[in-house]
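Enquirer: Okay, here's the prediction I keep looking at, along with the sequence it came from:
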Amino acid sequence: MDSFKVLLIDDESELVETLVERLGYRGVTAKYTTSGREALRMMTDEVFDIIVLDLKMPGMSGEEVLKEMKNRNIETPVLLITGHGAPIDEMDEKIDGVADYLAKPISLEELIAKMKESIRSE
Amino acid sequence: MNQNQTESKSDALISGVSPMRYRRLWRFSIIITLSVSLIPLMILAIVNYHQDQKAFHAENRYTVSQILTNTKRNLESVIKERRSALTLIVSEQSFDELCSEARLTSTLRNLKKSFGGFVDLGLINSQGNQLNYVGPYNLEGKNYKDQEWFHEVCLRGVYVSDVFMGYRNFPHFVIAVKNEKEGVADFVLRATLDMQLLNQEIHSLNLDRYSDAFLINRNNVLQTPSLHYGNVLDTADIEVPPQVRNREVIEESTESGERITFGYAHINEAPVIVIATKRLQNPFRYWLSHRSSLLWFLVISVILIVIFVFYRATWMVNRLRTSDMKRAKALHNIEYTSKMATIGRMAASVAHEINNPLAIINEKAGLLKDIAGFAPDFPIKDKTLNLADSILNSVDRCKKVTHRLLGFGRRMETRKELIDLEHLMKEVVGFLGKEAEHRNIEVQYNIPKDVPTVENDRGQLQQIFLNLVNNAFAAVPDWGKIEISIEEYNDNTIAVTVKDNGSGISKDNLKHIFEPFYSTKGEFGTGLGLSITHDLVSKLGGKIAVDSKLGEGTSFSITLPFEKTDILG
């Protein structure tokens, strides 16, 4: 499964725009949004293989997005980006419905690897 | 916050640096408690002493007074009895009968038997000639016409002398009675009595060694022997008291400062005076002997009170000092913890804020690399790729810094987790990486590959390691060396040792090194670093030990518990 559709959600539009472009170079179809609410709308309109979500956002936060996804029974795997720089084993606890974590600044190779792994394990 | 800090600091200063305050408190509490408990006791003792003295003097006066009364009564009755006996003889027997030697001898015998004390009897006519005499001396035919006593007996009908030696050459006294029958020629019956008769009366009083009783005549001549004033017929150095009807008791001081109770009474039957004295023993010594039980009670009470007061004050001040110290330490701990928490929070938020732009830089540089990489060759392609790589490398370095800061911020939360000690230690040393570089300090690790993980609090372990490594950095000179080893100590403990080749710690200092407020850094140290480390290690279930040699260096070892199953899990 080499080609998959990604939804990137992060309030830093410059970051997500660049990421989408870079993923495009590697044959990954990606869409992005800077708002949680918009992301939920996109998720109901379209089916994604994986969602990459920033935890801390103005307006609707990453956690709220996750909760809403659960309410709407959207079971797309989620990769969570945190600005707290903590590797998974040091996080307080795994947040429900999150497949894996990534710390900012993201390494693109790691992102792609984790996306593939999460989709595979689904 | 600021005010709290200064407050707790001054508090720490007071309890840590001013032992004088506790000594003063100790002394003050001892003085107050001793005075409160001893002064009433002493007042009671003094009051008791004075009351006792009063009673003692009253008792002395009473004793003297009793001696006087008894002696006076006894002596008067002794003399009166004998005088009456003689009066009876002269009135019952005729002059002729008494002229018979046999008759006089039997009379003397009867007197001796009935009354005692009689030595001889003499019959003297109105011309003063001794007509008949019975007794041990050869005194028949003596003439008493010119003697004073003869005149007196002729005048008054009865005469009692004082004690004198006379012809007989032993102390005696005389009772003479005159026949006063109508129509019969006057004659006088004269009896000599032994002084011992009087002395016996005084002896019968059974006086104690402080008391004395004796007789003197009006010329200060002793009539009976005295303890202090001389023997019979010596002249006593006593002021002759004026004639009083009854007795009188006074208190006097002798020349040597001795107090005596002095009493006298005139004997009605004879020209003598009874003197009774009672010397006061040293009143204080009297009190000591008299009130020995009270005194023992006093002494033991005072000793017990003093012991108790000292013990209690020491105990109290020590407790106060300990609790002050604990409080100051706790305050300092709180201050330290909250400071660390603040720094942690600040560091985390700074790192978080930096991570966002850093991520953008990262992606932009990545994109630049992508674009250049996927584009066909162009003149500066290689240079562009190199530039992008160099940006990405710098971002990586920044990332390490921000992640370390975030880790530091998170360590304030207390939670047990599996910890790779080697990783944690290297992270801690990483904080001091720049200092190590500047000062050329070599940090050497002796850590085997298979060191088990430990389940413990990450933040607190980090703080412990940081304190130890910080101390080691402070101890070593430039170009110094620090060795860090981690090893399995035994089946369930891991030992972490930080060893430096600094100047070492003297044995005296080593004893106090984990005590709060003990610092060798003077103004630069709070003296709490190792104390807090010690407490933290204990809290985490571990132990800390120190080994040091002057000039060779110091090594701190902590041992931490771990469970074998963790490796398998």
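Expert: Done, it's in. Numbers count the residues shown, from 1 in each chain, chains lettered A, B, ... in the order given.

Enquirer: can you list the residues of chain B near chain A?
Expert: B:348, B:351-352, B:355-356, B:358-364, B:366-367, B:370, B:374, B:395, B:399, B:402-403, B:406-407, B:410, B:415, B:417, B:458 (Cβ under 8 Å from any Cβ of the partner chain). Placement of C-beta: from N, CA and C, glycine included.

Enquirer: among these, which are in helices?
Expert: Counting by DSSP state H, the part of the residues of chain B next to chain A found in helices is B:348, B:351-352, B:355-356, B:358-364, B:366-367, B:370, B:374, B:395, B:399, B:402-403, B:406-407, B:410, B:458.

Enquirer: Kindly give a single ChimeraX line that selects the buried subset of those.
Expert: Of those, the buried ones can be selected in ChimeraX as follows, counting by 16 or more other Cβ atoms under 10 Å in any protein chain shown:
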select /B:348,351,352,355,356,358,359,360,361,362,363,364,366,367,370,395,399,402,403,406,407,410,458
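
Enquirer: Could you name the helices and strands sitting against the lowest-mean-pLDDT helix or strand in chain A?
Expert: Of all helical and strand segments in chain A, the minimum by mean pLDDT, DSSP states H and E falls on strand A:98-103, at a mean of 83. When contacts are defined as 3 or more Cβ pairs under 8 Å, 6 or more residues apart in numbering or on different chains; DSSP states H and E, strand A:98-103 sits against strand A:78-82, helix A:108-121.

Enquirer: and of these, who's closest to chain B?
Expert: helix A:108-121 (5.7 Å; Cβ to the nearest Cβ).

Enquirer: gap between the nearest residue to residue B:214 once chain neighbours are set aside and residue B:184?
Expert: Leaving aside its sequence neighbours, residue B:214 sits nearest to residue B:226 (Cβ to Cβ, 6 or more residues apart in numbering or on different chains; 3.9 Å). Counting by Cβ to Cβ, to the nearest Å, the separation of residue B:226 from residue B:184 is 44 Å.

Enquirer: Specify which residue of those two has the higher count of neighbours.
Expert: residue B:226 (21 against 11; other Cβ atoms under 10 Å in any protein chain shown).

Enquirer: Any idea how many residues pack against residue B:401?
Expert: 13.

Enquirer: What are the contacting residues of the host helix or strand of residue B:110?
Expert: Residue B:110 belongs to helix B:101-114 when elements are defined using DSSP states H and E. If you take Cβ atoms under 8 Å, 6 or more residues apart in numbering or on different chains as the criterion, helix B:101-114 is touched by B:82, B:85, B:89, B:93, B:97-98, B:118, B:120-121, B:123, B:132-135, B:191.

Enquirer: For these, work out which two are farthest apart.
Expert: Spatial extent of these (Cβ to Cβ) is set by the pair B:82 and B:97 at 20.2 Å.

Enquirer: Tell me which of the two has more neighbours.
Expert: Remark: of residue B:82 and residue B:97, residue B:82 carries more neighbours, 23 against 12, as counted by other Cβ under 10 Å.

Enquirer: where does residue 94 land on pLDDT?
Expert: Unless you meant another one, I'm taking chain A. Note on residue A:94: pLDDT of 62.

Enquirer: other chain: chain B
Expert: Here the pLDDT value assigned to residue B:94 is 85.

Enquirer: And for it, nearest residue in space, chain neighbours not counted?
Expert: Per Cβ to Cβ, 6+ apart, closest to residue B:94 is residue B:184, 7.5 Å.

Enquirer: In three-state terms, label that neighbour for me.
Expert: coil (DSSP: H, G, I helix; E, B strand; the rest coil).

Enquirer: Repeat that for residue B:152.
Expert: Once three-state DSSP is applied, residue B:152 turns out helix.

Enquirer: That one - how many residues pack around it?
Expert: 16.

Enquirer: what helix or strand does the most centrally placed residue in chain A sit in?
Expert: By Cα atoms, centre = their mean, chain A has its centre lying nearest to residue A:52, at 0.7 Å. Per DSSP H and E, residue A:52 falls inside strand A:50-54.

Enquirer: do residue B:176 as well
Expert: Residue B:176 is located in strand B:172-178, with elements delineated by DSSP H and E.

Enquirer: which strands and helices sit next to that strand?
Expert: Looks like strand B:172-178 contacts helix B:19-92, helix B:148-156, strand B:158-160, strand B:187-194 (3+ Cβ pairs under 8 Å, 6+ apart).

Enquirer: sorry, back to before: the helix holding residue B:110: which residues count as buried?
Expert: Under 16+ other Cβ under 10 Å, the buried positions of helix B:101-114 are B:103-104, B:107-108, B:111.

Enquirer: Now do the contacts for residue B:435.
Expert: Neighbours of residue B:435 in contact, by Cβ under 8 Å, 6+ apart: B:441, B:473.

Enquirer: ok, now how distant is it from chain A?
Expert: Using Cβ to the nearest Cβ, to the nearest Å, residue B:435 is found at 24 Å from chain A.
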